[in-house]
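In: Quick one, structure for this:
(one chain, ligands or ions: 1)
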Amino acid sequence: MEESSKILGPMYEKICADGAAAVDMLDLGPTPDILDIGTGSGNFAIFLAQQGYQVLTGEPSTDESRYARQQWEPSAAKMGVRNRIRFEHFDAGALPFEDNRFDGVFLFGVLHHVPEDARSNVLAEAIRVSGKDGAVILFEPLPETLEKIWVNDPQHPLAADPSVYIQDLNVHESRLKGSLMDIFIYRAA
Ligand SMILES: C[S@@+](CC[C@H](N)C(=O)[O-])C[C@H]1O[C@@H](n2cnc3c(N)ncnc32)[C@H](O)[C@@H]1O
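Out: Numbering: from 1, shown residues only. Alright, predicted model coming up:
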């Protein structure tokens, strides 16, 4: 873990702990189809790839924010998982994937970066592609995590509560508290 912190920074250990808490709640099997929405620095895609999963990750080609277009590939290569991660440009509000395609759809630190009026659509799309036996897993920053983020990025948005945007969808919700993030797991009811 010391080596991975050198490559991915001091938060990576906690990202992995939160990721593991969520994965432990799922029954993904050995070769699940995994979608990671919002590549960013690639931390979560790398965590998923380290579990042995093939991961499809992406973000919109039009995103000019400081959190998009990051150099995630060198980190994935150094971590020895570049060959398990495939990148595509896509918008979570109109996913270019068929219904029921994925066993797990992960959004780590993403929903609060989506404009409020687009969040319901993003959640509906994630549920659509996650399928009957799949799950959508969202990670949103805890208040103490936001305090740390605001030191370097005072404009960073507040955390989003997915349940506010998922009201009309027929899903079951489970919640966990991680060390960095609140974790929300949704499955079709
Ligand atoms: C803070 S980063 C996420 C961190 C990243 N998951 C990681 O593990 O390093 C926010 C990401 O959300 C993505 N994003 C924002 N709006 C999006 C949308 N509509 N569709 C897909 N990704 C989006 C951004 O492009 C960026 O990659």
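
In: got the residues of this structure near the ligand?
Out: Residues of the chain that fall close to the ligand, judged by CB under 6 Å from any ligand atom: 37-44, 59-60, 63, 67-68, 91-93, 108-110, 113-114. In this view, the C-beta of every residue, glycine as well, is placed from N, C-alpha and C.

In: Put the alpha carbons of stretch 122-139 into CSV.
Out: Extracted in CSV, the C-alpha atoms of stretch 122-139 (Å, rounded to 0.1, in the frame of the first residue of the first chain):
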residue,chain,number,x,y,z
VAL,A,122,-27.8,10.4,-14.6
LEU,A,123,-29.2,8.1,-11.9
ALA,A,124,-32.0,6.8,-14.3
GLU,A,125,-29.4,6.0,-16.9
ALA,A,126,-27.1,4.2,-14.4
ILE,A,127,-30.1,2.1,-13.2
ARG,A,128,-31.1,1.4,-16.8
VAL,A,129,-27.7,0.0,-17.7
SER,A,130,-27.1,-1.8,-14.4
GLY,A,131,-29.9,-4.3,-15.1
LYS,A,132,-32.1,-6.5,-13.0
ASP,A,133,-29.4,-8.2,-10.9
GLY,A,134,-26.9,-5.3,-11.1
ALA,A,135,-26.2,-2.5,-8.7
VAL,A,136,-25.4,1.2,-8.9
ILE,A,137,-23.0,2.4,-6.3
LEU,A,138,-22.4,6.1,-5.5
PHE,A,139,-19.7,7.6,-3.3
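
In: Can you pull out the low-pLDDT segments for this structure?
Out: 1 (pLDDT under 70).

In: So which residues of it form strands?
Out: Along the chain, the stretches classed as strands by DSSP state E are 33-37, 54-59, 85-89, 104-108, 135-141, 171-177, 181-188.

In: can you put those in CSV and add mean neighbour count?
Out: Output for the strands of the chain, formatted as CSV (neighbours: other CB atoms under 10 Å):
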stretch, mean neighbour count
strand 33-37, 25
strand 54-59, 22
strand 85-89, 15
strand 104-108, 26
strand 135-141, 25
strand 171-177, 13
strand 181-188, 20
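
In: Quick check: residue 69 touching residue 63?
Out: Yes: under the criterion of CB atoms under 8 Å, residue 69 makes contact with residue 63 at 7.2 Å.

In: Which of these two has more residues huddled nearby?
Out: residue 63 (16 against 13; other CB atoms under 10 Å).
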